[in-house]
Structure formats: structure tokens, C-alpha cells
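J.: Need coordinates for the following:
(chains A, B, C and D)
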Protein chains: 2
Amino acid sequence: MASRPISAEPGGAVGVEAGASGEEALLSDLELEVIEMFVNGVKLLGIPKSVGEIYGLLFISREPLPLDELVSRLKISKGSASQGLRSLRNLGAVRSVYVAGERRDFYEAVAELKPLASGFIKEQLEPHLETGGQRLERLKELAEEEARAGGDAEAGKFYRDRVERLRKWEGKARQLLPLIRRFLG
Amino acid sequence: MASRPISAEPGGAVGVEAGASGEEALLSDLELEVIEMFVNGVKLLGIPKSVGEIYGLLFISREPLPLDELVSRLKISKGSASQGLRSLRNLGAVRSVYVAGERRDFYEAVAELKPLASGFIKEQLEPHLETGGQRLERLKELAEEEARAGGDAEAGKFYRDRVERLRKWEGKARQLLPLIRRFLG
DNA sequence: TAATTTGTTCATTCTAATTTGAACATATTG
DNA sequence: CAATATGTTCAAATTAGAATGAACAAATTA
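T.: Predicted structure coming up:
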């Protein structure tokens, strides 16, 4: 019951526009459109296309799907599917579901905005803030050196101002992330 | 007076780590560090490295710089510099400055967070929201078709819910952008 | 007007990142 | 245990996107 055969797809007719050889209507128009939307979306976030495809298909699927169905329906490699699912699990964008009497792992999309945003912020954004913070310390030292070595008082002021600015930006970013989280929650 | 010769750089010693052939100390350690910071930053926003380099150098330069100095100091091609400056102007991240008695165009970084954020939102994010909005309409139709064609009432409910969710997400995004703008302003 | 300077454009080249697929590991079944 | 099913890993192929540089246009100077 769980892994519904691909021929039993609901209404939607052929998908996948003309072009290559053996088109077999693996995806309905609705699925195609949703997937495309997510592919666009994740690209904006710097996440690879295949990950968007996987999430998109899971998002619009009524039942959880196993890896090999993602492979056959999306026509992506096993490797991509495996790695894509891992990223999505790490992001908290996909959860694995127990399906009775099935040996394969089944996955479904986490379709609530909050955990998605949180996962993305925690995994993709916060690490950068962290390393950025360290970098800023070194930067401050370099600016001081420059200010001292230069002899020129104007120069010192300028460099200190620039580094101070970067500090403020970082502070803003640190405040902003939780704010976004709360807003989407 | 304006296009200070590159040998007249302030304190900082050799930059550019070991490796390739003719290293010539075109960038001080401070400049190098700032540039690296911006290169990391823009990568996060899906903006090419060369653009980060250009903005970084302008940001930490006391005087406006002309295109050919960006080329020589950053060792990037004229093409990259030209295109990079254009993107930065479009983003509102760089402004051109009049320098008396100079034929070349000189540029300086816009170093206030607000216009930077606004430019990025307006140029990079809002266009996607726009096309996403159109896509959503088509999606809604497809979901209705699917719901009708499927015969299954459950299915209809599910697809409508999913599309409705996407609508809500888009709405949130539309609210969020101005909020971010205000916060950074 | 010819020569020079400055900047842009865009086809080609190069690079970084993604995708593939075969080899491998780990159950699971007969 | 051998055979099969499932999933992961990683070197190699592919692809998308960025950088290059030569050709061009426009402005300036001599």
C-alpha cells in the first residue's frame, strides 16, 4: 500500500516538456509546477537544484516516498538522491516515516515554515556569522597597526571607522536572525 | 593627486600568500583581510567573488578608485571590473565620484547598511517574489484541476492545503522584506 | 584627423560545484 | 551461506556560471 506504483498517479497527464527520448509521464503537471517552484526557491538560497526537486516532490506527495521512487520519478541518480536527502534531513526539511511492512526508508516533507526557516538559519547562516566574528577581531588588530604605522591621524580614524562599521553590521545580523525566526514562527 | 600610485600604499607589507610567480604587494594585509571578508559575504548572497573583491577594496580605500586601479591591484580583468562595477552601481553599493582634472571615472563604496540592504532586496529578492506570485496563480488552477479530476475528496483537500501553504509563505516573505529594511534602517 | 585613453561587450576559456555511477557496506531474505 | 535489496561514498564526468581578453565604441587630446 505504501509505495504506490508510479502508474497509479492521479489525474495529471504527461509532464516533462518535449525534447529527450523516452518521456513517460512520471510527474503530473501539478507536481512539475511545484517542483519547479522549489527549484527556483532553493537556487535563491544557494542550495542545489536536485535538493529542490526532492523537497518539491515530497512536498506535493500525499504519501511518504522512498529513495528509489525519487530516483525514478525525478530521473536523478541514486547518489544525488541519497546526498540530497541527507542535506534535507540536516536542514530539518524532511523527516523519515515508519511504514509498516516496508524495508526501505520513507520520507516526507516538513511543510511548516518555522522549522524550515530555523534549520536554514542554523545550518547555513549562523556558522558564517561565527567565523565572521573571529575574522573581525583580527581585522580590528590590523586596523590598529595600520593606524599606528601610517603616522597619519586621518588614516587611523578612517580605518577604525570602517572596522567599527563592520562590527555594527555583524551585530545587526545577529539581532536580525532571531527576529526573522520569531516573525515566521 | 587622485589616483595615488600603487607603490605609495600605507604601512601594510606584502599581501597575497606565497604561491604564484610575481607577487608585488599590491594590497596591504588590512586590505586583504577586508576583501576576503566581503568575498565570503557576497558568496553567501549568491554574488560573484569579483564583485566582493571590488566592493571590499573600495570599502577600505580612503580615496575613490578608477577602474584600472581595481584591475591592477586586484589582478582581475578589465571585463570583470567593468561588469562588477555595473552590478555594484545597480545595487546602489557604489557611487561614482567627480575627481577634478581626471578623465577616468572614480568610484567609492556606499558604506551605509540601509541602502545596501535596500538595493539587494529590491534588485535580487523582489523580482523573484514577483514571478513567484504569478506562478502561484497557475499552481492554484492546477491544484483545482487535480482536486476535481481525482474524484478523491481527500486528495482535493491535500492539494488545496499545499497550495494554500505556499500562498501563506509568499505572504510572509512579502511582509518580511520591508520589516528587514526597517530594522536595518 | 590620427593617436591615445577609457570603458563596454560578448564569445571563449576556465573554474567551482553538482551530478553521476560504479564500488562498497550493511542489512535482509530464502 | 548465497543472493538480493537498500543505501552510502567518492572519483570522475558534466554543467552552470564567472572570468578573461580581444574587438569595439566613444571620448579626448595632440
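J.: Going along the chain, name the helices of chain A.
T.: When secondary structure is read from DSSP state H, chain A shows helices at A:29-44, A:49-59, A:67-74, A:78-91, A:113-120, A:126-150, A:153-184.
J.: Quickly compare these and say which is most buried.
T.: helix A:49-59 (a mean of 24; mean count of other CB atoms under 10 Å in any protein chain shown). Placement of C-beta: from N, CA and C, glycine included.
J.: So what touches it?
T.: A:27, A:31, A:34-43, A:64-65, A:70, A:73-74, A:76, A:80-81, A:84-85, A:87-88, A:93-94, A:107-109, A:111, B:162 (CB atoms under 8 Å, 6 or more residues apart in numbering or on different chains).
J.: just stretch A:66-73 next, same as before
T.: For stretch A:66-73, using CB under 8 Å, 6+ apart, the contacting residues are A:3, A:6, A:26-27, A:54, A:57-58, A:65, A:76-78, A:81-82, A:84-85, A:102, A:104-107.
J.: what about that stretch, near DNA strand C?
T.: No: Stretch A:66-73 stays clear of DNA strand C (CB under 7 Å from any atom of the strand), getting no nearer than 8.3 Å.
J.: Now do the contacts for the residue lying closest to A:Ala173 once chain neighbours are set aside.
T.: Of all residues not flanking A:Ala173 in the chain, A:Leu129 sits nearest, at 6.1 Å (CB to CB, 6 or more residues apart in numbering or on different chains). Going by CB under 8 Å, 6+ apart, A:Leu129 touches A:Glu170, A:Ala173, A:Arg174, A:Leu177.
J.: Worst mean pLDDT across the helices and strands of chain A, which element?
T.: Least confident helix or strand of chain A, by mean pLDDT, DSSP states H and E, is helix A:126-150 with a mean of 93.
J.: Next, work out how far apart the residue most central in space within chain A and A:Phe38 are.
T.: With distances taken as CA atoms, centre = their mean, the residue of chain A nearest its centroid is A:Ile47 (4.9 Å). Distance of A:Ile47 to A:Phe38, computed by CB to CB, to the nearest Å: 10 Å.
J.: With A:Gly56 instead?
T.: From A:Gly56 to A:Phe38 the distance is 4 Å (CB to CB).
J.: A:Leu27 too?
T.: From A:Leu27 over to A:Phe38 the distance is 13 Å, taken as CB to CB.
J.: Considering only chain A, name the residue that lies closest to DNA strand C.
T.: Relative to DNA strand C, the nearest point of chain A is A:Gly79 (2.2 Å; CB to the nearest atom of the strand).
J.: What residue, apart from its backbone neighbours, is nearest A:Lys114 spatially?
T.: Counting by CB to CB, 6+ apart, the residue nearest A:Lys114 is A:Gly185, at 4.7 Å.
J.: where does chain A come near DNA strand D, residue by residue?
T.: A:43, A:66-68, A:78-79, A:82-83, A:85-86, A:103-105.
J.: Swap in 6 Å and give it another go.
T.: A:Pro66, A:Leu67, A:Asp68, A:Lys78, A:Gly79, A:Ser82, A:Gln83, A:Leu85, A:Arg103, A:Arg104, A:Asp105 (CB under 6 Å from any atom of the strand).
J.: so can I have JSON lines of those showing pLDDT and distance to A:Glu145?
T.: Listed next are those as JSON lines, based on pLDDT from 0 to 100; distance: CB to CB, whole Å:
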{"residue": "A:Pro66", "pLDDT": "98", "distance to A:Glu145": "58"}
{"residue": "A:Leu67", "pLDDT": "98", "distance to A:Glu145": "54"}
{"residue": "A:Asp68", "pLDDT": "97", "distance to A:Glu145": "59"}
{"residue": "A:Lys78", "pLDDT": "98", "distance to A:Glu145": "53"}
{"residue": "A:Gly79", "pLDDT": "98", "distance to A:Glu145": "48"}
{"residue": "A:Ser82", "pLDDT": "98", "distance to A:Glu145": "49"}
{"residue": "A:Gln83", "pLDDT": "98", "distance to A:Glu145": "44"}
{"residue": "A:Leu85", "pLDDT": "98", "distance to A:Glu145": "48"}
{"residue": "A:Arg103", "pLDDT": "95", "distance to A:Glu145": "63"}
{"residue": "A:Arg104", "pLDDT": "97", "distance to A:Glu145": "60"}
{"residue": "A:Asp105", "pLDDT": "98", "distance to A:Glu145": "55"}
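J.: Measure how buried the residue nearest to A:Arg162 when sequence neighbours are not counted is and give me the count.
T.: Closest residue in space to A:Arg162, ignoring its immediate chain neighbours: B:Ile60 at 5.8 Å, by CB to CB, 6+ apart. B:Ile60 has 27 neighbours, counted by other CB atoms under 10 Å in any protein chain shown.
J.: isn't B:Ile60 right next to A:Tyr159, touching?
T.: Yes: counting by CB atoms under 8 Å, B:Ile60 touches A:Tyr159, with 7.5 Å between them.
J.: what do those two both touch?
T.: B:Leu30.
J.: if we can go back for a sec, least reliable of the helices of chain A going by mean pLDDT?
T.: With a mean of 93, helix A:126-150 has the lowest mean pLDDT of those.
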